[in-house]
Every structure is written in C-alpha cells, then in structure tokens.
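>>> Requesting a structural model of the entry that follows:
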Amino acid sequence: MFIFNGISSKDMSISCKDEDFIGRASKVYEQTTIEGKDGSSFEELSYSNYEKSITMYLKDISKIDDVFSWLNGEGIFEYDGRKTKAWFLDEIETENQFNRIIILKTKFVRYPFWEAVDDDYIQVTTAVTNRGNACAYPVIKLSGTGQVDISINDVRFTYNFDEDRQVEIDCLNMEETYKGISKAKNIEIGFEYPKLFPGKNTITINSGSCKIFIKRKDRWL
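Next up is the predicted model:
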C-alpha cells in the first residue's frame, strides 16, 4: 500500500504489481578523459530523481475518474514508513481485464531521498541518531535564554536568544526563524550548517544552556 497526497491506494481500490518504490536513484556526474591516459575520472555532482514504470490493478471500476484525478501531478508520497516528494506526470494507459479489473500503467518519479513519516521533534542532549543511510539536514529547535554555543559534529555556532526565547534552524535552507520571523541577526555561523551522518552524531553545548529539539533527522537513498 502507498499513500499519495493523503489518499491511500487501498482506499482507491488500487493494488500494484511488484510493489517496490525503494530503489536507489542514479548519480549525476561529469566524466573526464585525458588523451594518452587509460581510463576516465568521474566527478560526482548530485543524485537524479528516481523513475520507475509501475503497473496497478483497479478493482473498483467506478473509481477510475477519481484515480485519474488523484495520480496527477506533484505530491507527498508515503511508503513503508517513509515519505518523499513525487510526481505522476506521464499518461496512464488502461486495459480491461475480465470486465472486473482495469490494468493501469504509468511512470512514477520521486525525489532521490526519503524521510521518516513519523517526523516529529524529539528532545536531544549529547547525541542524535540518523537511522537512514544518507546525510540528513535537520531542523533544530532551541529554547532558552542568553547566549548558547553549540557544536553538532564538527559544525559550531552561537545563538543569542531574544524575548521570544526560541528559534528554528532549518539546516537544509540555511534559515533561522520563529513563527515566520527571521532570526538571522541572532546567530553566528559559518557557511556550513549542521548535517547528520548515518548513525550516531555528537552534540556539545560549549557554553550557556538551552533545550535542543531535532526533527528531519533520518534520511534514506
């Protein structure tokens, strides 16, 4: 069973042939060949989106129009306890089978990384674990007063709390906000924001004190 934009395949009377959406995306790279030298070298740049052709079976024929509307465009895709951004952009081919089931064939495209569906803030102290197999760029919520100096793995930063006494640091987008208001003037940080490697990651409060909460800590290829 999968869920797309909050609607499950079960609710739409859909089942998949060889249901598997987990496969790993390919890397984007540049290949360099030097004249007179054997072999080539590769520079790894990023990951491509993951694409897969899928075959589905619609058991309730009366829902065919709803399915066409549902699997159309961009949305949040959930599968096996993970979520990602996905797209259904190609045509959906149909084929009747025994006048009771309609076979649907289309292409599924998703973002190369997955995050956990149960992605709520958890309070952490000296360490946090990324359960995935890829680096995660978390959202870090701090609650406290005064100035705090924190290291997460090898990235160190300071934050000066104001009257709001809270901040959310989005490490992917490199933004600091509280209730939509920028707190960029309160933070001192370099060009790199914290990231969480697969497994255990260390957290150190070098000076000051605060409560630390983290979400979006798990990431899979």
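>>> can you tell me the distance between the two ends of stretch 56-73?
Using Cα to Cα, to the nearest Å, the gap from the first to the last residue of stretch 56-73 comes to 17 Å.
>>> so where's the protein uncertain?
29, 36, 38-40, 42-45, 98-99 (pLDDT under 70).
>>> could you redo the last one with a cut-off of 80?
Low-confidence segments of the chain (pLDDT under 80): 18-20, 28-46, 97-99.
>>> Identify the spatial nearest neighbour of Phe88, chain neighbours not counted.
Ranked by Cβ to Cβ, 6 or more residues apart in numbering and with sequence neighbours excluded, the top spatial neighbour of Phe88 is Leu71, at 4.3 Å. Bear in mind the C-beta positions are built from the backbone N, C-alpha and C, glycine included.
>>> Asp90 is in contact with the one you found, correct?
No - Leu71 sits out of contact with Asp90 when judged by Cβ atoms under 8 Å, with a separation of 9.9 Å.
>>> what do these two both touch?
In terms of Cβ atoms under 8 Å, 6 or more residues apart in numbering, Leu71 and Asp90 are both contacted by the residues Thr106.
>>> neighbour-wise, which of the two wins?
Set Leu71 next to Asp90 and count neighbours by other Cβ atoms under 10 Å: Leu71 wins out with 25 against 14.
>>> which residues touch that one?
Counting by Cβ under 8 Å, 6+ apart, the residues that Leu71 touches are Phe4, Phe88, Ile92, Thr106.
>>> list the contacts for the second one?
With contacts defined as Cβ under 8 Å, 6+ apart, the neighbours of Phe88 are Phe4, Leu71, Asn72, Gly73, Thr106, Lys107, Phe108, Val109.
>>> 7 Å instead, please
Leu71, Asn72, Gly73, Thr106, Phe108 (Cβ atoms under 7 Å, 6 or more residues apart in numbering).
>>> Please apply the same query to Arg100.
When the contact criterion is Cβ under 7 Å, 6+ apart, Arg100 has no partners at all.
>>> what's the answer for Asn72, then?
Contact partners of Asn72, counting by Cβ under 7 Å, 6+ apart, are Phe88.
>>> and if you look at Ser53?
When contacts are counted by Cβ under 7 Å, 6+ apart, Ser53 touches Lys107.
>>> check which helix or strand covers it.
Ser53 is located in strand 50-58, with elements delineated by DSSP states H and E.
>>> And that strand, how far out from the chain middle?
21 Å (Cα atoms, centre = their mean, to the nearest Å).
>>> After that strand, which helix or strand is next?
Toward the C-terminal end, the helix or strand that comes next after strand 50-58 (DSSP H and E) is helix 64-70.
>>> buried ones in that next one?
Buried residues in helix 64-70, counted by 16 or more other Cβ atoms under 10 Å: Ile64, Val67, Trp70.
>>> Then stretch 84-96?
Of the residues in stretch 84-96, those scored as buried under the neighbour-count criterion (16+ other Cβ under 10 Å) are Thr84, Ala86, Trp87, Phe88.
>>> ok, the residues you listed vs Cys135, which is closest?
Nearest to Cys135 out of those is Thr84 (Cβ to Cβ; 15.6 Å).
>>> The closest one: helix or strand, and which one exactly?
Assignment of secondary structure by DSSP H and E places Thr84 within strand 82-88.
>>> Paired strands for that strand, with orientation please.
With DSSP bridges as the test, strand 82-88 is paired with strand 73-79 (antiparallel), strand 101-110 (antiparallel), strand 114-116 (antiparallel).
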